[in-house]
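S.K.: sequence plus the predicted model coming up.
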Amino acid sequence: MRRRRPNTSSWLEAPDPVLALAREELAFYEEVRDSARKWYRVTELGALATSSSTVVAAGLHAPAWLTALIAGGALFFTGFRQVFGHGPRYVLAAQSRESLRRAVNRYQLLPESDRDTRARQELLAAVEQVGDEELRQWVQQRQGTALDGNGSDSGSPTLP
């Protein structure tokens, strides 16, 4: 997931900077989740439509160039799916957003008087944990695509 450069002045100047930071992160994960879901659906529907159309075109004895063109579209969508991995990205962003949403809700359910340093530290720890988990899972997915046909690692470092 590509991150925008955070605008630190927006959340540092807020009355509750940790909550503002958490909300900014929440908005980021929502945007990534929605975008990945859209591209996942487009890719899957495109692959399904072109794959099934190839079979239908061949069955109807369509001209070879048309069947080849449709098959090329199916191949394109398959490659697009593998290169960009919108399905796993969608799941990862949804998991991150949900974890962060729960932490923000727990914090906001506290009365204003109980939102002390300890509560802010817990919320900040949750924000950092979500970011760390997202990074760990992203690296694992990248390492999974770097495996060769024998299942052996291609030299990437392992995670703890």
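M.R.: That came through fine.
S.K.: helices of this protein, start to end?
M.R.: 8-12, 17-59, 64-84, 86-109, 117-145 (DSSP state H).
S.K.: make TSV from these and add mean pLDDT to it.
M.R.: Compiled in TSV, the helices of the chain are given as follows (pLDDT from 0 to 100):
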stretch	mean pLDDT
helix 8-12	71
helix 17-59	94
helix 64-84	93
helix 86-109	93
helix 117-145	88
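S.K.: can I get the ones you listed in TSV with mean neighbour count?
M.R.: (Each C-beta comes from the backbone N, C-alpha and C, glycine too.) Shown next, in TSV, are the helices of the chain (neighbours: other Cβ atoms under 10 Å):
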stretch	mean neighbour count
helix 8-12	12
helix 17-59	17
helix 64-84	15
helix 86-109	17
helix 117-145	14
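S.K.: farthest residue from the center of this protein?
M.R.: Ranked by distance from the centre of the chain (Cα atoms, centre = their mean), the top residue is residue 61, with 41.2 Å.
S.K.: and the gap between it and residue 67?
M.R.: Separation of residue 61 from residue 67 (Cβ to Cβ, to the nearest Å): 9 Å.
S.K.: what does residue 130 give?
M.R.: Taking Cβ to Cβ, one finds residue 130 at 47 Å from residue 67.
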